[in-house]
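Visitor: Mind folding the following:
(one chain, ligands or ions: 1)
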Amino acid sequence: MCGIFGTIGDDAAMRTLEGLRRLEYRGYDSAGLAALFDTSDKEARVETERAVGYVSDLVSKVNGRFKNSVIAIGHTRWATHGGVTEVNAHPHSSADGLMSVVHNGIIENTSELLSEINESGYSMTSETDTELIVHLLHEALGEQRTPEAALEAFQTVIGRLEGAWAIAVIVSGMDGILVAKNGAPLVIGRCENCISISSDPLPLYGSCSEVAYLDDGDIAYVSQQKVDVISESADLTFAPHQGDYSPEDPGIFAHMMIKEIHDQPTAFQNAIAGRVSADGTNAMLSGFELDSRELRKLDRINLVACGTAFFAAKLGVRYIRRLSDVPVEAYLSSEFPVESVGGKNTLTIAVTQSGETKDTLDALTRAKVAGGHVSSICNVIDSTIARFAGNGAYLYAGPEYSVASTKAFTNMSAVLMLLALTLSEPDNVERARVIRGLREMPQRMSNYLHSEIDFEPIVDLLVDSKTALFIGRGPNSHIASEAALKMMEIAYLPCIAYPGGELKHGPIALIEEGTPVIAIAPDDSHYPKMEANIRECASRGANVILVTNRETSVEDYCARVIRTPPTDPFLSPFMSIMPLHLLAYHLAVRLGRNVDRPRNLAKSVTVV
Ligand code: AGP
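Guide: Now for the predicted structure:
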């Protein structure tokens, strides 16, 4: 997690603050800035400012003070080492104030390095692992100020570190930024009169005409004149960086999350555009290095993902199993048993919105090392995972800023459905019906989102609860899991999700008078058993909130019924999830939560 940004050029600090604002989704517990105003002065201390809270809190503290700076680096933090305090916020500076560092990642051999720097007479002011780096560099560099000497000293320091990092350092008397990358992303962007470094390419849209991605192990001195790189891989190559930055702007909506829920019809349309034929007979997900015939001959497909993406992957497994014979399973990236399921003639697909999730990148790397094919299904164009896989399919959901993933979940499910159709034999009897259903989906979603649904009476049932239980069967058991995760994540209500059949094996013990049970029971083959579950819960005092698209004989057992539009049973998850994302949103708003920036989370999870 954490975002780092830096600029060399006019008004470097102001540009850096803007870069940090655009990276804030990577971590938002504190932020900081370091800048130099005259790079010829070896004695000039690096000016710094740090603030607990959002980048806007840092901007208020900076209050125009850094105007006319010529080099700046900044950081937006998601704490790993040390609490959320101003002292632990980056940048960290040497005791003489002549150099400052920002860092994204984790240094694993901290205790060893700590005793070493203590012996050399340095002492730590923060609880972070990052501060070590600046003391080590201070010792290695001494008074030297040439790019060659700086690179050499920096290389020595980096050689001592174990773990993962993207690091940027500025040193008084030097006109460039020292950077290093290993296991955390770092990109360099160039324009006519400035050069920037950034955790991802997003903030560089609109300001940098070309970008170059550093590889793991790279160390560089970045100045306006040139970029000196020490690299074990190929030379650094700049490529055109085209596209627009679309700002985090909720428009007429109160939050990004509700805007993104309402983006879904358009996002879904973009996911299927050019991938299903107008006559409804054909669907194809191109972009994979294997064609459909080769895909069908695989021994197995593994989907690796985390959080919401994992629930979309579980749904995808259902679709693939139903439409094809290829063995498939979804795994939590951090638990991926590559030894048993990787290897030759397997394909491992990372399913990820950000394309930066470290657990997922690690799982994909392990699959590749084991000799299998790898691909990605990803939203962020040119993200680390998309580039690592080098093939796969994009979600085309548009930027998703709210930490709570909504439209990306829907598009992941849609793209996995397209993958299932790609794997299916052309004469599969279900194909035409499913394709037609997909084509109708954006309009159905739009109609639903435009209907007036009053969530407040349903929120009343949840607002004072200690917990909520979500149940569903078949594909909708994954919708129960996703809905529970979302409510927990943004409303901070402990939520438990179970397939309906498991209720009697334990979770039913939680039910007492008034316990909210959210039951997802569309018109499908699981419906009769869901009815039985609803009766069981209601007879123990639960307030059942039923999500269904059919007339039901258990209505009298339910405290509230949320009606969704009728759909093909196979596609009902796309409809069931919408009111549940909305319900989580409305509950979080009622509870006064920070909907788009829930506590302790970040949009991009780049630590393991
Ligand atoms: C979703 O609401 C969560 N914020 C989280 O579970 C997320 O889906 C997970 O961290 C995976 O992220 P990714 O899709 O970017 O890989």
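Visitor: Pretty sure Ile258 sits against Tyr585.
Guide: Yes. Using Cβ atoms under 8 Å as the test, Ile258 is close enough to Tyr585 to be in contact (5.6 Å). Yep, even glycine has a C-beta here, placed from its N, CA and C like the rest.
Visitor: Which one of the two is surrounded by more residues?
Guide: Each of Ile258 and Tyr585 has its neighbours counted (other Cβ atoms under 10 Å); Tyr585 has more, 27 against 21.
Visitor: For that one, list the residues it contacts.
Guide: By Cβ atoms under 8 Å, 6 or more residues apart in numbering, Tyr585 lies in contact with His255, Met257, Ile258, Ile261, Ala404, Ile490, Val595.
Visitor: Please identify the helix or strand for the third one.
Guide: Just to be clear, that refers to Ile258. helix 256-262 (DSSP states H and E).
Visitor: quick one: contacts of that helix?
Guide: Contacts for helix 256-262 (Cβ under 8 Å, 6+ apart): 248, 250-251, 253, 400-402, 404, 406-407, 449, 490, 578, 581-582, 585, 595-596.
Visitor: does the ligand sit close to it?
Guide: No. Helix 256-262 lies apart from the ligand when judged by Cβ under 6 Å from any ligand atom; the minimum separation is 9.3 Å.
Visitor: what packs against the helix or strand following that helix?
Guide: Using DSSP H and E, the helix or strand that follows helix 256-262 towards the C-terminus is helix 264-272. Applying 3 or more Cβ pairs under 8 Å, 6 or more residues apart in numbering; DSSP states H and E, we find helix 264-272 packed against helix 407-423, helix 431-450.
Visitor: Which one of those helices lies nearest to the ligand?
Guide: Closest to the ligand of the helices and strands packed on helix 264-272 is helix 407-423 (Cβ to the nearest ligand atom; 6.4 Å).
Visitor: Determine the angle, from 0 to 180 degrees, between the closest one and helix 264-272.
Guide: 30 degrees (axes from the mean of the first three to the mean of the last three Cα atoms, to 10 degrees).
Visitor: Check which helices and strands helix 407-423 is in contact with.
Guide: If you count contacts as 3+ Cβ pairs under 8 Å, 6+ apart, helix 407-423 packs onto helix 264-272, helix 292-296, helix 307-323, strand 346-352, strand 373-378, strand 392-394, helix 431-450, helix 572-590.
Visitor: Those: which one's closest to Ser424?
Guide: helix 307-323 (4.0 Å; Cβ to Cβ).
Visitor: Would the closest one count as contacting the ligand?
Guide: Yes. Interface with the ligand: helix 307-323 contributes Gly307, Thr308, Ala309 (Cβ under 6 Å from any ligand atom).
Visitor: Would you mind naming what in the stretch 101-250 of the chain lies close to the ligand?
Guide: So the stretch 101-250 of the chain never meets the ligand (Cβ under 6 Å from any ligand atom).
Visitor: show me where the stretch 101-250 of the chain has helices.
Guide: When assigned using DSSP state H, counting those that start in this stretch, the helices of the stretch 101-250 of the chain occupy the ranges 110-119, 131-141, 147-160.
Visitor: Alpha carbons only: can I get stretch 360-375 in CSV?
Guide: What follows is stretch 360-375, C-alpha atoms only, in CSV (Å, rounded to 0.1, in the frame of the first residue of the first chain):
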residue,chain,number,x,y,z
THR,A,360,-2.4,-12.0,-6.2
LEU,A,361,0.8,-11.0,-7.9
ASP,A,362,2.8,-13.5,-5.7
ALA,A,363,0.3,-16.3,-6.6
LEU,A,364,0.6,-15.5,-10.3
THR,A,365,4.4,-15.4,-10.0
ARG,A,366,4.4,-18.8,-8.3
ALA,A,367,2.2,-20.3,-11.0
LYS,A,368,4.6,-19.0,-13.7
VAL,A,369,7.6,-20.4,-11.8
ALA,A,370,5.8,-23.7,-11.7
GLY,A,371,5.8,-23.8,-15.5
GLY,A,372,2.1,-23.0,-16.1
HIS,A,373,0.5,-20.3,-18.3
VAL,A,374,-0.6,-17.1,-16.6
SER,A,375,-3.1,-14.4,-17.5
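Visitor: list the buried ones in that stretch?
Guide: Of all the residues in stretch 360-375, those buried under the rule 16 or more other Cβ atoms under 10 Å are 360-368, 370, 372-375.
Visitor: near the ligand, which residues of this structure?
Guide: 306-309, 352-354, 357, 360, 403-405, 486, 489, 605.
Visitor: The residue of the chain found nearest the ligand: neighbouring residues, count only.
Guide: Taking Cβ to the nearest ligand atom as the measure, the point where the chain comes nearest the ligand is Gly307, at 1.8 Å. The number of residues packed near Gly307 is 22, by other Cβ under 10 Å.
Visitor: Quick check, it in contact with Ser405.
Guide: Yes. Assessed by Cβ under 8 Å, Gly307 is found in contact with Ser405 at 7.4 Å.
Visitor: Counting neighbours, what do you get for the nearest residue to Leu332 once chain neighbours are set aside?
Guide: Leaving aside its chain neighbours, Leu332 sits nearest to Phe310 (5.6 Å; criterion: Cβ to Cβ, 6 or more residues apart in numbering). When neighbours are counted by other Cβ under 10 Å, Phe310 registers 25.
Visitor: same thing with the one 5 residues further on?
Guide: As a burial measure, Leu315 scores 27 neighbours (other Cβ under 10 Å).
Visitor: Contacts only, for it.
Guide: Ser413, Leu416, Pro475, His478, Ile479, Pro573.
Visitor: Would you confirm that Met575 contacts Asp568?
Guide: No. Using Cβ under 8 Å, Met575 is not in contact with Asp568; the gap is 10.0 Å.
Visitor: These two: who's more crowded?
Guide: Neighbour count, other Cβ under 10 Å: between Met575 and Asp568, Met575 has more, with 21 against 18.
Visitor: if I pick the more buried one, what's in contact with it?
Guide: So Met575 contacts Arg444, Met445, Tyr448, Pro522, Asn549, Thr564, Pro565, Thr567 (Cβ under 8 Å, 6+ apart).
Visitor: Same question for Asn411.
Guide: Counted by Cβ under 8 Å, 6+ apart, Asn411 has contacts Ala267, Phe268, Asn270, Ala271, Asn379, Leu395, Tyr396, Ala397.
Visitor: Take these and write them to CSV, including neighbour count.
Guide: Converted to CSV, the contacts of Asn411 look like this (neighbours: other Cβ atoms under 10 Å):
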residue, neighbour count
Ala267, 24
Phe268, 25
Asn270, 20
Ala271, 29
Asn379, 26
Leu395, 28
Tyr396, 20
Ala397, 27
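Visitor: Next, give me the two most distant ones among those residues.
Guide: Phe268 and Asn379 (13.1 Å).
Visitor: quick one, strands of the stretch 151-300 of the chain?
Guide: Under the criterion DSSP state E, counting those that start in this stretch, strands of the stretch 151-300 of the chain are mapped to 163-171, 177-182, 187-190, 194-198, 210-213, 219-222, 227-230, 239-240, 300-305.
Visitor: Export those as CSV, with columns for mean pLDDT and distance to Gly3.
Guide: Formatted as CSV, these follow (pLDDT from 0 to 100; distance: least, Cβ to Cβ, whole Å):
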stretch, mean pLDDT, distance to Gly3
strand 163-171, 95, 9
strand 177-182, 97, 14
strand 187-190, 96, 12
strand 194-198, 96, 8
strand 210-213, 95, 16
strand 219-222, 96, 17
strand 227-230, 93, 21
strand 239-240, 92, 22
strand 300-305, 98, 23
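Visitor: Mean neighbour count and distance to Leu98 added to those strands, as CSV?
Guide: Conversion of the strands of the stretch 151-300 of the chain to CSV gives the following (neighbours: other Cβ atoms under 10 Å; distance: least, Cβ to Cβ, whole Å):
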stretch, mean neighbour count, distance to Leu98
strand 163-171, 25, 7
strand 177-182, 25, 13
strand 187-190, 22, 24
strand 194-198, 24, 20
strand 210-213, 19, 28
strand 219-222, 24, 17
strand 227-230, 18, 21
strand 239-240, 10, 35
strand 300-305, 26, 45
